[in-house]
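> pasting a predicted model and its sequence here:
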Amino acid sequence: MSNKQEKIKKLLEMQRKFIEYEHAHGVTPEEYYLAEDGHPLHNYRQEFRDVAMDLVDMAHEEKGSHR
């Protein structure tokens, strides 16, 4: 599996887990933005963003374009 496919798979898995958590427990803005250590959403937003931006950079590199 290519690095790009692995990143896409990771994003989809993260999204699936988030949706499962949200349906089971609900998510407040505080949990989403400020989840503390040990919370299932701790660093979720940053990690999701980092992987997504890696994919954007890869897409630009493939097409020879710039952001």
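Nice, thanks for sending it over.
> next up, the contacts around His23.
By Cβ atoms under 8 Å, 6 or more residues apart in numbering, the contact set of His23 is empty. C-beta here means a position set from N, CA and C on the backbone, and glycine is covered the same way.
> would you map the helices across this structure?
Using DSSP state H, the helices of the chain run over 3-25, 29-34, 44-63.
> who's in contact with the second one?
In this case it means helix 29-34. By Cβ under 8 Å, 6+ apart, the surrounding residues in contact with helix 29-34 are His39, Leu41, Tyr44, Arg45.
> so which residue is smack in the middle of this structure?
For the chain, the residue nearest the mean C-alpha position is Phe48 (1.9 Å; Cα atoms, centre = their mean).
> against Gly64, how distant is the residue nearest to that residue when sequence neighbours are not counted?
In space, Phe48 comes closest to Met14 once its chain neighbours are excluded; the distance is 5.5 Å by Cβ to Cβ, 6 or more residues apart in numbering. Applying Cβ to Cβ, to the nearest Å, one obtains 29 Å for the distance of Met14 from Gly64.
> now do the residue nearest to the centre of the chain, the pLDDT please.
Predicted confidence (pLDDT) for Phe48: 97.
> and for Lys63?
Reading off the confidence values, Lys63 has pLDDT 88.
> nothing else from me, thank you.
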